[in-house]
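Q: take a look and give me a structure for this.
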Amino acid sequence: MEQGKNRACWAVVVAAGRGERFGQPYNKVFHPLNGRSVLMRCLDALEASGAFDGAVLVLSERDLPGYEALCAREGRPALVRAIAQGGATRQESVYNGLALVPAGARIVAIHDAARPFVTAGIIRAVIESAEVYGSGVPGAPVTDTIKLLDGQGMAVETPPRERLCAVQTPQTFQYALIMRAHEQARAARYQSTDDAALYEKYIGKVRIVSMPECADNIKVTTQRDVSAYECPYRTGTGYDAHRLVEGRRLVLCGEEIPYEKGLLGHSDADVAVHALMDALLGAAALGDIGRHFPDSDERYRGISSLLLLDRVRELLCEAGYRPVNVDVTIVAQRPKLKDYMPTMRENIAKRLRLDISCVNVKATTTEGMGFEGEGQGISAQAAALIARKERT
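A: This is a model prediction of the structure:
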């Protein structure tokens, strides 16, 4: 990709790591976090700060197809003006990114793509520091007692916590100075995992910017890091309708209701459970009952919908979710269903392994309006809340 125009303040966003501790076969920055990837959330934060004229994204060659797929799904980030090739080490990756920053840039912020929670306040503070002092590195105060160990694992010193901090990114510098530090390190074959350490070795002292916002500027390393920020709940809705005909049983929420007509369908046509299954599947983005239990499949002919509800609960579990509570509304002019409601609730609660207090079933009429009011059919609506299962 071509270099952008000369600008004053640029970012180098490093996303070339393997992220093996994340436990997935893909780059952790591609992982979805509440519907948007870690990488795009990071770039969103940098762009929203209004501080940058452009960014160089550093990616490994193996991740370029994944990045293009991500752009197709989530939109191509306008801030990214160039893509640099990832190196064998982080230091080499950063250098490759710095090499594509326009020569006229005054300030450069080197940021880990795995820190998607960086705030505009942190960004502005480190840039201001770099403009005045040559460097600005965010640092979070250390809250635990730190021990310095010898080679045998024995504690030999306890540094005072008030003089310690955990450094983060974006590590921000005057561009000419950090570029000089990297070039000198390359010439000396000196390696460090931290740009601030290169600055300290070849340029001078690094100024640390400590502020309360740094506490939330975490780096995504394991899946536990993203799960702490993911919304644990999802909601879904479902709707179904079936025609009333003679010669069929009327089954609602697994309960057979005495009536002269029943619902027409491939299975037992339990319209209430069908709506509920769609609500649960929808909450987990798993499609609908037509996808999982097509009426072209003879295995489901006449089957109890409660058995299908068992399978939906299993699908939720496989996807990492569990039902929390459900609410079903049955729309029918006749028959009256009040006396059957307690058993209906029990049937659903048992299948979803919920306390009955988390299951609601109600019925309403349409006062003679529509196909329900005219006795031609019955419809049902459902809402479901599901939660992400705790990882073990």
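Q: can you pull the domain assignment for this structure?
A: By the record's domain assignment, the chain is partitioned as 9-227, 233-388 (automatic domain parsing).
Q: now render those domains as a markdown table, adding mean pLDDT and mean neighbour count.
A: Glycine gets a C-beta too; all of them are placed from N, C-alpha and C. Shown next, in a markdown table, are the domains of the chain (pLDDT from 0 to 100; neighbours: other C-beta atoms under 10 Å):
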| stretch | mean pLDDT | mean neighbour count |
| --- | --- | --- |
| domain 9-227 | 94 | 18 |
| domain 233-388 | 96 | 18 |
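Q: surely residue 220 touches residue 28?
A: Yes. Applying C-beta atoms under 8 Å as the test, residue 220 and residue 28 come out as touching, 5.9 Å apart.
Q: shared neighbours of the two, anything?
A: Jointly contacting residue 220 and residue 28 under the rule C-beta atoms under 8 Å, 6 or more residues apart in numbering are 22, 38, 114.
Q: which one of the residues you listed is nearest to residue 8?
A: residue 114 (26.3 Å; C-beta to C-beta).
Q: where do the helices sit along this protein?
A: 38-48, 64-74, 90-99, 120-133, 175-188, 195-202, 223-227, 271-283, 289-292, 305-318, 341-352, 370-373 (DSSP state H).
Q: and of those, who's closest to residue 146?
A: Taking C-beta to C-beta as the criterion, helix 195-202 is the member of these that comes nearest to residue 146, at 17.9 Å.
Q: contacts for that closest one, please.
A: 91, 94, 110, 135, 137, 167, 171, 173, 177-178, 180-182, 184-185, 190, 192, 206.
Q: and if you look at stretch 76-85?
A: The contact list for stretch 76-85, computed with C-beta under 8 Å, 6+ apart, reads 1-4, 11-13, 40, 43-44, 46-47, 52, 54-61, 64, 67, 71, 93, 96-97, 99-100.
Q: and for stretch 235-242?
A: Counting by C-beta under 8 Å, 6+ apart, 263-265, 269, 271, 274-284, 371, 377-386 sit against stretch 235-242.
Q: run the chain-centre distance for it.
A: 26 Å (C-alpha atoms, centre = their mean, to the nearest Å).
Q: follow-up on the earlier one: export the helices of the chain to TSV and tack on distance to residue 327?
A: Putting these into TSV (distance: least, C-beta to C-beta, whole Å) gives the following:
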stretch	distance to residue 327
helix 38-48	33
helix 64-74	32
helix 90-99	51
helix 120-133	40
helix 175-188	57
helix 195-202	54
helix 223-227	27
helix 271-283	9
helix 289-292	18
helix 305-318	15
helix 341-352	10
helix 370-373	19
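Q: who wins for proximity to residue 105 among the ones you listed?
A: Using C-beta to C-beta, the nearest of the helices of the chain to residue 105 is helix 175-188, at 4.6 Å.
Q: and the angle for that closest one with helix 195-202?
A: 80 degrees (axes from the mean of the first three to the mean of the last three C-alpha atoms, to 10 degrees).
Q: put the alpha carbons of helix 175-188 into CSV.
A: Listed next in CSV are the C-alpha coordinates belonging to helix 175-188 (Å, rounded to 0.1, in the frame of the first residue of the first chain):
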residue,chain,number,x,y,z
TYR,A,175,9.1,10.8,15.3
ALA,A,176,12.7,11.7,14.5
LEU,A,177,13.9,10.6,18.0
ILE,A,178,12.2,7.2,18.1
MET,A,179,13.2,6.4,14.5
ARG,A,180,16.8,7.2,15.5
ALA,A,181,16.6,4.9,18.5
HIS,A,182,15.3,2.0,16.3
GLU,A,183,18.0,2.5,13.7
GLN,A,184,20.7,2.5,16.3
ALA,A,185,19.3,-0.6,17.9
ARG,A,186,19.2,-2.3,14.5
ALA,A,187,22.8,-1.4,13.8
ALA,A,188,23.8,-2.7,17.3
